[in-house]
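A.B. asks: have a look at this fold, sequence not included:
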């Protein structure tokens, strides 16, 4: 279904996985491991004079990385508030090589062939986001528009999922009941995992970043009689095994 210009002027109100609001971009920009990995992967793959397409460009930082390598960049973003932030940021960064396009990445087709497509819409392990839908749809539209031309290179190129069981003891003073409360869940929190990291498998050097282990959240010291704190004691959460989350590569 085509998106008309009136729809593009309105903030997205559909499924939350379709568009990432501006405030959600801040943790991604603060994730040094993610930023370093994408910057290195783009530097490995992009050469001066290439045409790079950034689908779902967000704040434009990945487009900026590609422009730093001397590429001509077409950055596509649908969300008007995020687009405005990208336009302002790129103007301050001198992004003269970058052309911002207000369009839906699920429908966009470039006017001329591209060498590299950057598309980073991953946040919950391909369960809800539109990463695969956008890439597959783009491949069909691109092949129909530029018949006989090879497909461009895609970054990231793949996603590797990993799952680890987590054990929780639901025994309370000798009484076992599988009924975790909100306080139990809060004690089981781990530090936020880092965002997807790309890997360029076709370049001469690859970016294969290691994963920082999750850090356990420690509970408050136990409270003794009459509300006093037992000195010199602290408790760790009852779950000693942590899930490392999905491991990403490209």
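C.D. replies: Noted; the coordinates are in hand. Keep in mind it's a predicted model, so treat the numbers as computed, not measured.

A.B. asks: flag the shaky bits of the chain, pLDDT-wise.
C.D. replies: 1-19, 123-126, 128, 180-250 (pLDDT under 70).

A.B. asks: now the helices for it?
C.D. replies: 5-8, 22-30, 32-45, 61-68, 80-93, 131-145, 182-187 (DSSP state H).

A.B. asks: right, and residue 77 touches residue 55 too?
C.D. replies: No. Residue 77 lies out of contact with residue 55 (CB atoms under 8 Å); the separation is 9.0 Å. All C-beta spots, glycine's among them, are computed from the backbone N, C-alpha and C.

A.B. asks: which neighbours do those two share?
C.D. replies: Taking CB atoms under 8 Å, 6 or more residues apart in numbering as the criterion, residue 77 and residue 55 both touch residue 105.

A.B. asks: closest one to residue 104 among the helices of the chain?
C.D. replies: Nearest of the helices of the chain to residue 104, taken as CB to CB: helix 5-8 at 7.4 Å.

A.B. asks: now the strands for this protein?
C.D. replies: Applying DSSP state E to the chain gives strands spanning 51-55, 72-77, 98-102, 116-119, 153-155, 171-172, 175-176.

A.B. asks: hmm, back to that, make TSV out of the helices of the chain and add distance to residue 102 and mean neighbour count.
C.D. replies: Formatted as TSV, the helices of the chain follow (distance: least, CB to CB, whole Å; neighbours: other CB atoms under 10 Å):
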stretch	distance to residue 102	mean neighbour count
helix 5-8	6	11
helix 22-30	15	13
helix 32-45	23	20
helix 61-68	14	23
helix 80-93	6	17
helix 131-145	16	15
helix 182-187	40	12
